[in-house]
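Trainee: build me a model from this:
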Amino acid sequence: MIPGGNADAEVSVLDIGVGTWAATIGLIIALLAVDLIAAAVRPHRVGFKEATAWSVFYVLVAIAFGVWFAVQHGTGYGTEYFAGYIVEKSLSVDNLFVFVIIMTTFAVPEEHQHKVLTFGIVLALVMRGIFIALGAALLTLFSFMFLLFGLLLVYTAVQLFRHRDEDPEVEDNVLVRAARRVLPVTDDYVGGKLLTRLDGRRAVTPLFIVLLAIGSIDLLFALDSIPAVFGVTEEPYIVFTANAFALLGLRALFFLVQGLLDRLVYLSTGLSLILAFIGVKLILHWAHVDVDDRVPEIPTPLSLAVIIVVLLVVTVASLVKTRNDPTAKAHPGSLRAHHGGEDDHDR
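Mentor: Numbers count the residues shown, from 1 in each chain. Here you go, the predicted model:
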């Protein structure tokens with residue numbers, strides 16, 4: 001049963017053939033290859049017009065896929081896809097906050113930011129693919145996983161709200177600290193290489209450390225985003241495509257909104273509300289299935305409406321706030337306070 005009691009989804013099971021899976025993965029790889037080629041062949045500073053064109057292109061591709069999917073498999077599944085896509089897109093903006101912090105912390109030259117972003121997107125797709133397969137298997141075998149996923153999202157939402165005005169401490173990342181202790185690191189980026197020689201021995205460049213930081217952040221965001229999207233659909237195909245299309249436009253979106261991110265002062269608050277809402281949705285679904293079928297469920301169309309309204313409200317409120325108070329600055333939020341406690345860690 002699909003979370004939310006989708007009527008047409010309950011009477012049929014989404015049947016995605018091997019050919020459709022292969023074509024979808026092929027399309028995503030092709031789009032990703034375009035990003036890789038653009039970043040590798042002509043490293044350059046991406047301007048506003050170019051970033052806008054690419055961002056619009058990826059959004060239109062995602063919408064076109066959603067329309068095709070709804071026509072082929074019904075509006076119920078189409079609604080689940082669009083709800084999942086919007087959830088993942090909103091979470092990806094928060095991901096961009098952290099990418100900006102990493103770029104700034106390690107002073108990544110503009111000509112190498114393409115490479116870092118593309119690596120981050122590829123790694124995020126791989127990690128989320130693994131978590132999607134694992135999550136789908138667990139939900140199929142153990143219905144109480146809906147309860148665990150729901151509680152995880154509610155906990156994440158509470159922590160994110162509590163620390164909504166904080167930034168993750170990238171330099172305190174466990175992997176980054178370990179790499180700095182064990183490996184010799186050069187002072188400059190050596191033309192964007194990962195490895196080089198320093199005083200006759202092998203050494204890593206700061207770019208290697210940056211990629212470690214990006215990878216660990218991708219892992220933590222996958223732990224948040226996969227339970228969130230499973231809150232609007234149980235279908236692995238929808239979860240995968242919603243994640244993939246949301247992530248594919250991340251590189252262009254980074255350059256488009258890089259100057260606007262500081263103005264989204266209420267984004268972390270909005271994301272905490274969305275995560276809490278989806279967490280409650282998952283808990284109600286578990287109670288409906290395992291406890292009593294009289295427990296009400298939250299329909300997917302209502303979920304989509306709530307998510308859109310929350311994002312619109314926090315965006316407008318953020319712009320009004322920063323217009324009235326130019327000193328106000330947005331933060332991506334953290335799951336822990338960073339005041340030197342022993343249990344502090346990055347988001």
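
Trainee: ok, the residue lying closest to residue 133 once chain neighbours are set aside - contacts?
Mentor: Nearest non-adjacent residue to residue 133, counting by CB to CB, 6 or more residues apart in numbering: residue 236, 7.1 Å away. (Each C-beta comes from the backbone N, C-alpha and C, glycine too.) Residues near residue 236 by CB atoms under 8 Å, 6 or more residues apart in numbering: 132, 133, 136.

Trainee: which one of the residues you listed sits closest to residue 28?
Mentor: Closest approach between the contacts of residue 236 and residue 28, by CB to CB: residue 132, at 13.1 Å.

Trainee: assign a three-state SS to that closest one, would you?
Mentor: Secondary structure, DSSP: H, G, I helix; E, B strand; the rest coil: residue 132 is helix.

Trainee: what segments of the protein are strands?
Mentor: 195-198, 201-204 (DSSP state E).

Trainee: buried residues of the first one, list them for me.
Mentor: Neighbour-count burial for strand 195-198, counted by 16 or more other CB atoms under 10 Å, picks out residue 196.

Trainee: name the strands paired with that strand and say parallel or antiparallel.
Mentor: Note on strand 195-198: by DSSP bridges, its sheet partners are strand 201-204 (antiparallel).

Trainee: sorry, back to before: let me know the pLDDT of the residue nearest to residue 133.
Mentor: Here the pLDDT value assigned to residue 236 is 90.

Trainee: cool, residue 140 as well?
Mentor: For residue 140, pLDDT reads 81.

Trainee: wait, residue 290 sits on residue 143?
Mentor: Yes: using CB atoms under 8 Å, residue 290 makes contact with residue 143 at a distance of 5.5 Å.

Trainee: which residue ranges of the stretch 1-150 of the chain form helices?
Mentor: 7-10, 18-41, 48-73, 75-105, 110-141, 145-162 (DSSP state H, counting those that start in this stretch).

Trainee: please identify the most buried of those helices.
Mentor: helix 75-105 (a mean of 22; mean count of other CB atoms under 10 Å).

Trainee: packing partners of it?
Mentor: The elements that helix 75-105 packs onto, with contact taken as 3 or more CB pairs under 8 Å, 6 or more residues apart in numbering; DSSP states H and E, are helix 7-10, helix 48-73, helix 110-141, helix 206-230, helix 236-248, helix 250-257, helix 267-290, helix 300-324.

Trainee: that one: how far from the chain's middle?
Mentor: In terms of CA atoms, centre = their mean, to the nearest Å, the centre of helix 75-105 is found 4 Å from the chain centre.

Trainee: again with stretch 213-222
Mentor: With CA atoms, centre = their mean, you get 10 Å for stretch 213-222.

Trainee: buried residues in it?
Mentor: 213, 214, 215, 216, 217, 218, 220, 221, 222.

Trainee: how near is the fifth one to residue 90?
Mentor: Going back to what we said before, that points to residue 217. 17 Å (CB to CB, to the nearest Å).

Trainee: likewise the last one?
Mentor: Using CB to CB, we find residue 222 at a distance of 15 Å from residue 90.
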